[in-house]
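Undergrad: when you get a sec, could you give me coordinates for this:
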Amino acid sequence: MNPIAIAVLAVVVLLILWVAFMYNSLIRGRNHCDEAWSNIDTELKRRYDLIPNLVNAVKGYAAHEREVMERVTQARTNAIASQGSPASQARDENVLVDSLRRLLAVVEKYPDLKANQNFLSLQEELVNTEDRIQRARRFYNGNVRDYNNRVEVLPSNIVAKCFGLKKREFFEIEAAVERAAPAVKI
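TA: Coordinates of the predicted model:
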């Protein structure tokens, strides 16, 4: 066999192996993003399941605050139904977060409710769920950042374009409740 033909064949084989390696790397990154999104979805569903209990606990004390509770219920319904891109889901989640904040502001008016053990445990569960959502969101966004870097930088962007692999959207939402920093007294 001709040495030039062997060299050309070796270059072609190396090029095919390189494309396969880049493609596999991009697919692994895409799958990591999908897995991380699934974790966010699980935590959001956990929050959705918690909200009706929280609303019911508040209803007994603040029946005349019906508009706030209806807003929370409607925002929850919209957030559950949201199946679009991370950006569109984030918009629906931020509406829900805002309505939850209003609900918790109503709670501040009722000292008996703030001392109610059932409400306190629901509020603590909501805080824990928000922490879990934020951790899942950071994990997802980290995977998206890594994947997007591979889709955009040379030479893997060439393979991404050839196979139609596109950038992913980040998922940016605010926390509905935040843990208060412990007060330190000297």
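Undergrad: helices or strands next to the top helix by length along the chain in the packing?
TA: Determined from DSSP state H, the single longest helix within the chain is helix 3-59. Secondary-structure packing of helix 3-59 (3 or more C-beta pairs under 8 Å, 6 or more residues apart in numbering; DSSP states H and E): helix 66-81, helix 86-107, helix 117-152, helix 156-162. C-beta here means a position set from N, CA and C on the backbone, and glycine is covered the same way.
Undergrad: how far does stretch 110-119 stretch from start to finish?
TA: End-to-end distance for stretch 110-119, by C-alpha to C-alpha, to the nearest Å: 12 Å.
Undergrad: for that stretch, give me every contacting residue.
TA: If you take C-beta atoms under 8 Å, 6 or more residues apart in numbering as the criterion, stretch 110-119 is touched by 54, 57-58, 61-62, 107-108, 120.
Undergrad: got the buried residues for it?
TA: Judged by neighbour count (16 or more other C-beta atoms under 10 Å), stretch 110-119 contains these buried residues: 110, 113, 116, 119.
Undergrad: before we move on, back to that, most tightly packed of the helices and strands packed on helix 3-59?
TA: Comparing the helices and strands packed on helix 3-59 by mean neighbour count (mean count of other C-beta atoms under 10 Å), helix 86-107 comes out on top with a mean of 19.
Undergrad: show me how far that helix is from its chain's centre.
TA: When distances are taken as C-alpha atoms, centre = their mean, to the nearest Å, helix 86-107 is centred 14 Å away from the chain's centroid.
Undergrad: tell me the mean pLDDT for the next helix or strand along the chain from it?
TA: Next in sequence after helix 86-107, counting helices and strands by DSSP states H and E, comes helix 111-115. Mean per-residue pLDDT for helix 111-115: 76.
Undergrad: so what's the gap between helix 111-115 and the chain middle?
TA: How far helix 111-115 lies from its chain's middle: 32 Å, per C-alpha atoms, centre = their mean.
Undergrad: hey, C-alpha coordinates of it in CSV?
TA: Provided in CSV are the C-alpha atoms of helix 111-115 (Å, rounded to 0.1, in the frame of the first residue of the first chain):
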residue,chain,number,x,y,z
PRO,A,111,-49.3,36.1,66.2
ASP,A,112,-51.5,33.1,67.0
LEU,A,113,-50.9,31.7,63.5
LYS,A,114,-47.1,32.3,63.8
ALA,A,115,-47.1,30.2,67.0
